[in-house]
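Trainee: build me a model:
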Amino acid sequence: MTIIITRESPRQPDVIRLLTLSDAYMASLYPAESNHLLDVSALEKDAVHFFVARNEGRVVGCAALVEAGDGTAEIKRMFVDPEARGLSLGKKLMAALEEQAQSLALRAIRLETGISQPEAIGLYRKAGFIEIEPFEPYKPDPLSMFMEKTVSHQ
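Mentor: Take a look at the predicted model:
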């Protein structure tokens with residue numbers, strides 16, 4: 001098993017398949033107004049750093065770090081193929097995002113996640129994220145949880 005995580009274009013058939021799986025999963029958990037998903041064209045913008053995880057060359061996970069322009073960035077579209085769960089891909093993708101945030105000299109990473117995803121919430125807490133109030137552009141939502149982690153600079 002060889003897992004490699006690199007910055008890549010989101011506009012690839014295997015990545016789009018993952019994003020489609022993610023969309024379906026989120027739609028099964030939350031109403032449309034509580035889903036804040038970025039489409040492929042939004043993921044191609046200059047302020048977006050999109051990462052793809054591959055296992056033996058096969059796309060098995062993805063995540064994006066979206067710069068907000070205020071010294072923070074938001075994690076978006078973090079998803080691991082259900083068939084690849086158990087490989088610590090979430091942890092590895094999180095490490096790649098944090099490394100990118102450090103290289104950009106960001107002060108914090110933020111995220112919005114749903115309350116019905118205990119695995120994701122557990123991953124973020126283990127990575128050092130703490131709960132915060134909603135940040136722009138979000139409004140309070142009883143189905144959402146907002147978290148932040150200060151970026152350490154060595």
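Trainee: name the nearest residue to residue 111, sequence neighbours excluded.
Mentor: Among residues not flanking residue 111 along the chain, residue 75 sits closest, at 4.3 Å (C-beta to C-beta, 6 or more residues apart in numbering). Where C-beta positions appear, they are placed from N, C-alpha and C, glycine not excepted.
Trainee: actually residue 128, not the one I typed
Mentor: residue 149 is the one closest to residue 128 (C-beta to C-beta, 6+ apart), at 5.0 Å.
Trainee: burial measure for that neighbour, as a count.
Mentor: Neighbours of residue 149 under the rule other C-beta atoms under 10 Å: 19.
Trainee: looks like it contacts residue 132 (just checking).
Mentor: No: with contacts counted by C-beta atoms under 8 Å, residue 149 stays clear of residue 132, the gap being 9.9 Å.
Trainee: can you tell me the element the residue nearest to residue 111 falls in?
Mentor: Assigned by DSSP states H and E, residue 75 belongs to strand 72-80.
Trainee: for the protein, just list every one of the helices.
Mentor: For the chain, helices defined by DSSP state H occupy the ranges 13-29, 40-43, 89-103, 118-126.
Trainee: export those to JSON lines and tack on distance to residue 82?
Mentor: Converted to JSON lines, the helices of the chain look like this (distance: least, C-beta to C-beta, whole Å):
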{"stretch": "helix 13-29", "distance to residue 82": "7"}
{"stretch": "helix 40-43", "distance to residue 82": "21"}
{"stretch": "helix 89-103", "distance to residue 82": "11"}
{"stretch": "helix 118-126", "distance to residue 82": "11"}
